[in-house]
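In: please find the sequence and the predicted model below.
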Amino acid sequence: MTSAPVRIGVVTVSDRAFRGIYADQGGPGIEAALTRILASPWQPVRRLVPDERPAIEAALRELADTECCPLIVTTGGTGPAPRDVTPEATEAVCERVLPGFGELMRADSLRAAPTAILSRQLAGTRGRSLIVNLPGKPSAIAECLAAVFPAVPYCIDLIGGPRIETDPAVCIAFRPKGA
């Protein structure tokens with residue numbers, strides 16, 4: 001019996017990609033990283049929104065509440081520029097913020113780029129959905145997602161989501177003591 005693919009929200013936050021000035025590279029970057037990491041069947045539920053807090057919040061709510069995505073990953077809008085409002089939108093829709101995700105992503109990214117301290121990624125939960133903010137650069141997306149993904153399946157399990165399997169060759173699964 002084959003299980004249904006897990007639906008994963010992929011949200012690109014970019015004024016220019018939204019307007020068609022250039023092609024979205026963030027969303028495909030997330031999908032490429034997830035394809036390497038995940039062993040479970042999955043399918044993306046894509047959204048492309050401008051750097052506007054109401055649009056970001058609406059996309060996150062829809063993906064969590066209507067589309068029932070157990071994982072929602074955003075890209076873009078996490079820097080210090082005035083229009084970078086993804087963390088604020090994420091925090092507004094989340095019931096609980098999980099600061100360790102952002103802390104680990106920044107610490108890991110500092111090895112490659114000293115400007116990583118400017119990044120404001122965070123993660124949190126909304127119902128049975130885990131929302132994770134990633135930077136907009138495809139190489140940084142892959143690095144940050146790889147850094148935090150060992151905890152993602154366990155977090156989704158704790159909030160009542162479906163079991164997600166990772167490729168052990170790519171991602172060493174997080175196992176709590178005694179499990």
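Out: Nice, I can see it.
In: only C-alpha atoms from now on, for both contacts and neighbour counts.
Out: Noted.
In: OK, contacts around the residue lying closest to residue 68 once chain neighbours are set aside?
Out: Leaving aside its sequence neighbours, residue 68 sits nearest to residue 129 (C-alpha to C-alpha, 6 or more residues apart in numbering; 7.3 Å). Residues near residue 129 by C-alpha atoms under 8 Å, 6 or more residues apart in numbering: 64, 68-72, 156, 159, 161.
In: report the two of these separated the most.
Out: 72 and 159 (13.7 Å; C-alpha to C-alpha).
In: higher neighbour count, those two?
Out: Each of residue 72 and residue 159 has its neighbours counted (other C-alpha atoms under 10 Å); residue 72 has more, 25 against 15.
In: and the more buried one, what element?
Out: According to DSSP states H and E, residue 72 maps onto strand 71-75.
In: for the following helix or strand past that strand, packing partners?
Out: Heading C-terminal from strand 71-75, the first helix or strand you meet, by DSSP H and E, is helix 86-93. Applying 3 or more C-alpha pairs under 8 Å, 6 or more residues apart in numbering; DSSP states H and E, we find helix 86-93 packed against helix 53-61, strand 123-126, strand 129-134.
In: mind saving the C-alpha coords of helix 86-93 as CSV?
Out: Coordinates of each C-alpha in helix 86-93 appear next as CSV, following Å, rounded to 0.1, in the frame of the first residue of the first chain:
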residue,chain,number,x,y,z
THR,A,86,8.4,37.5,6.7
PRO,A,87,9.4,36.8,10.4
GLU,A,88,6.8,39.3,11.6
ALA,A,89,4.1,37.7,9.4
THR,A,90,5.2,34.2,10.6
GLU,A,91,5.2,35.2,14.3
ALA,A,92,1.7,36.7,13.8
VAL,A,93,0.2,33.5,12.6
